[in-house]
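[1] Structure for the following, please:
(2 chains)
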Amino acid sequence: MTQTEQDNADERRRRLLKGALGASSVMTLGYGGPLAAASLGCIAKVDGGYPAGTAQFFIGPTPPSTPAGGNWAWKMVEVNRYQSNGNGVQDGFAVGGVVYRANDPSVVIPNAVLKTNGVNGYPKTAWVLAYFDYAGNEIGTYPTYTAQGDGFAPAVSSCLSSVNPGIVVNYMFGG
Amino acid sequence: MHLPHGPRAWMEAHCPSLDGQFLFLDPLWWDTHLLSGGAVEVLLEAAAAIEESRFDEFLGEIRAAGGWPPGLERLAHSLSSLGGGQDEGAV
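    Numbering: from 1, shown residues only, chains lettered A, B, ... in the order given. As a prediction, the model looks like this:
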């Protein structure tokens, strides 16, 4: 970068900074502040304790409950009948455009074709564990994600309500 | 679990968006502040300046641009307490 280009870049940055300063506002939170502070980073603090493996998929009207009182966020999916490569039909559910077997939810049904139409009892309600970034935005669900990683994890109800309350209605909570 | 401690990593981890505004956790005083998008931009610039060891120069730019809006300078200085971006494992 030439000196002139550098000077122009610096000048552009100063103008942007001036605009940002003009659009700046800070509201220090009162009594609720310490509570919010305790909640901030609550997804980053998750260290296991959530359902693992295929237990992250559950067929039923609500997410599973456990004696331990787990309260993790689950997202609803539908179980339908699918045919694969012209073979017999089987129960499956779709996540991210991929269809997985309901009786072995980590296994993909290749070339799945929906065959539910007219079949009594379908679709069935089922649930998959949801994963969130540290700001509480969903990044995906099981089986796309199977365990927490760098920057994302499952979230419990109280945590999600604190960091991103607007999306809580999209989930149900359970073990 | 790994908690980031550099100013930019702190902003990423502890300044989530809340319906168009941002909730910032002060790393020094451990209190929270509701920020506008403009205030977050300024703090991100401050975080970059801190990590690039040009925070004093950045403070001069703020003065030249008309000075700090109420409440924001303290937050920028709190970020500077995190230093130049070491992780918790750094010594």
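[2] Show me what residue A:94 is bridged to.
    Beta-bridge partners of residue A:94, counted by DSSP bridges, are residue A:99.
[3] show me where chain B has strands.
    B:17-18, B:21-25, B:32-35 (DSSP state E).
[4] What of chain A?
    According to DSSP E, the strands that chain A contains are A:26-28, A:57-59, A:72-84, A:89-95, A:98-101, A:104-108, A:112-114, A:124-133, A:138-141, A:152-153, A:172-174.
[5] now those strands as TSV including mean pLDDT?
    Supplementary listing: the strands of chain A in TSV, determined by pLDDT from 0 to 100:
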stretch	mean pLDDT
strand A:26-28	87
strand A:57-59	96
strand A:72-84	95
strand A:89-95	95
strand A:98-101	97
strand A:104-108	96
strand A:112-114	93
strand A:124-133	96
strand A:138-141	96
strand A:152-153	94
strand A:172-174	91
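[6] Could you export the ones you listed as CSV, including mean neighbour count?
    The C-beta positions use only the backbone N, C-alpha and C, and glycine is treated the same way. Compiled in CSV, the strands of chain A are given as follows (neighbours: other CB atoms under 10 Å in any protein chain shown):
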stretch, mean neighbour count
strand A:26-28, 17
strand A:57-59, 21
strand A:72-84, 20
strand A:89-95, 20
strand A:98-101, 20
strand A:104-108, 15
strand A:112-114, 16
strand A:124-133, 22
strand A:138-141, 17
strand A:152-153, 22
strand A:172-174, 19
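[7] Check the strands of chain B for me: which has the lowest mean pLDDT.
    The stretch with the lowest mean pLDDT among those is strand B:17-18, which comes in at a mean of 78.
[8] and that one, what does it pack onto?
    In terms of contact count using 3 or more CB pairs under 8 Å, 6 or more residues apart in numbering or on different chains; DSSP states H and E, strand B:17-18 is assigned no packing partners among helices or strands.
[9] Could you double-check that residue A:113 sits in contact with residue A:82?
    Yes: Residue A:113 lies in contact with residue A:82 (CB atoms under 8 Å); the separation is 6.3 Å.
[10] quick one: the longest helix along chain B to strand B:21-25, angle?
    As far as residue count goes, and with DSSP state H defining each element, the longest helix of chain B is helix B:37-51. For the pair helix B:37-51 and strand B:21-25, the angle between their directions (axes from the mean of the first three to the mean of the last three CA atoms, to 10 degrees) equals 40 degrees.
[11] avg pLDDT for helix B:37-51?
    Confidence for helix B:37-51, expressed as mean pLDDT, is 95.
[12] nearest spatial neighbour of whatever residue of chain A ends up closest to chain B, skipping sequence neighbours?
    Distances between chain A and chain B by CB to the nearest CB are smallest at residue A:23, namely 2.9 Å. Computed as CB to CB, 6 or more residues apart in numbering or on different chains, the closest residue to residue A:23 that is not its neighbour in sequence is residue B:38, at 2.9 Å.
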